[in-house]
Structures are given as structure tokens and as C-alpha cells.
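**Q** how would this look folded up:
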Amino acid sequence: MNRSMCQSAKDYFDTMNQVLSRIDYDIIDKLVNLLIEAQHNNRQIFVFGNGGSACTSAHFGLEFVMTGQAGGPKALQVHSLADNIGLLTALSNDIAFDDVFSYQLASLANAGDVAIAITGSGNSPNILKACQWSKDNGLTVVALTGFDGGKVKDLADIQIHIPSNNYGIIEDLHMSIGHIIGQRLHLLLS
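**A** Residues are numbered from 1 along each chain as shown. The predicted structure is shown next:
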């Protein structure tokens, strides 16, 4: 994986603008529609990632749950699988780090639910294992990726790809996608 670095603030934002012009925006709307369908069918949504993507998965959980309103539509049932540090360290220590997400999915998920993997490289063993488990057990697999999409792109029913080799830009745009989805859900579910 060839990671790029920007030389200045202007370079960073110029690069981000170039990347923005190459994103498939229609696929983001496809994910919004999937999440609306999941809400209508009382399905759960599981979001997970490593490192900065773990933080993004927690933020996605916040954005998606906040679409519910008192007296209005029920909030989406969203679980960020990276949020429970005690569980993550227990699973890593007692089972294997490669199983931290798939183990939780096996305990909580049902066919028809949605698994959203957030990953820059698309090649982390624990992400791949969770996506394979999800696919094998009837979940819809969504992958937010960067670089070349990695191996996870072959497991995804929906892939939102950020065509960049810069982790900062990838993670910034993954977070922006979460905000876009949250705003779209709020408008459509109100």
C-alpha cells in the first residue's frame, strides 16, 4: 500500500477536491435507501472499523440513532462494534483480534441486518472476517474504502470508495459521508 502525504494545507485541500470529483455520489443515496428499508423492517445496523475508522464507526452510530424523534419515527438500531473497549480487549486476548467483530456479529446479528465496514485499506483481517461472516449469514455488507478498495470490495454488496492513497483524506471523507447519510435520514424519516 503506497500511502501519500500532502506537503501543505493547500496541497491537502487541492488533493481532497480532486478526490471529491471522482466519488460516485449515487452509491451514497443507495446506502441511504438501504438504511431506510432497514428502519422500516426493524433491522439492525452494525458499524465497525479499526483505528480512526473505529472512531468514525462510533460517530456513524451517533448520526444514525439521532434520526429518531420523540413522537416520530423510531431511530435506527445501530451498534458500533468498536465502542466497548473491555469487550474488544477481552476478545483480542481470549480469542483473537481477527475475531473481534465477527464474534460480536455472531452474537447479535440476524439475517437481513446490515453490516457496515469502514476501512482505509480494505485488507484488515478482522474486517474481512466480519464481512465474510456477514455475507455467509444473510446480512447486507457495505464497505467504505480507500486506496484500491482492498479485498473487502469483493465481499461488499455496496461499496463507497474514496479513490485516494491518503489516509487523512479517506477518513475525512468517510466521516463526511456519515454526516451526509445522517442528514438525509433525518429529512426522509421525519
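
**Q** give the other helices and strands that the longest helix seen in the chain contacts.
**A** In the chain, with assignment by DSSP state H, the single longest helix is helix 167-189. For helix 167-189, the packing partners by 3 or more C-beta pairs under 8 Å, 6 or more residues apart in numbering; DSSP states H and E come out as helix 9-20, helix 25-40, helix 52-65. Glycine gets a C-beta too; all of them are placed from N, C-alpha and C.

**Q** could you point out which of these sits nearest Leu188?
**A** helix 25-40 (5.9 Å; C-beta to C-beta).

**Q** quick check: mean pLDDT of the closest one?
**A** Mean per-residue pLDDT for helix 25-40: 95.

**Q** most tightly surrounded among the helices and strands packed on helix 167-189?
**A** Highest mean neighbour count of these: helix 52-65, a mean of 21 (counted as mean count of other C-beta atoms under 10 Å).

**Q** so Val78, which of the three states?
**A** strand (DSSP: H, G, I helix; E, B strand; the rest coil).

**Q** ok, it - contacts?
**A** Counting by C-beta atoms under 8 Å, 6 or more residues apart in numbering, Val78 touches 44-47, 60-61, 64-65.

**Q** and of these, the nearest to Ser4?
**A** Of these, the one sitting nearest to Ser4 (C-beta to C-beta) turns out to be Phe60, at 25.1 Å.

**Q** and the gap between the spatially closest residue to Ile95 that is not a sequence neighbour and Thr140?
**A** Of all residues not flanking Ile95 in the chain, Tyr103 sits nearest, at 6.3 Å (C-beta to C-beta, 6 or more residues apart in numbering). Distance from Tyr103 to Thr140, counting by C-beta to C-beta, to the nearest Å: 20 Å.

**Q** and for Gly49?
**A** Distance of Gly49 to Thr140, given as C-beta to C-beta: 17 Å.

**Q** on that earlier part again, show me what counts as buried in the helix or strand containing the residue nearest to Ile95.
**A** Using DSSP states H and E, Tyr103 sits within helix 100-108. For helix 100-108, a neighbour-count test (16 or more other C-beta atoms under 10 Å) marks 100-105 as buried.

**Q** farthest pair within those residues?
**A** So, these by C-beta to C-beta: farthest apart are Val100 and Leu105, at 10.1 Å.

**Q** then Ser4 would be within a helix, right?
**A** No: secondary structure of Ser4 (three-state DSSP): coil, not part of a helix.

**Q** which stretches of the protein have low pLDDT?
**A** Counting by pLDDT under 70, the chain has low-confidence residues at 1-2, 67-73.
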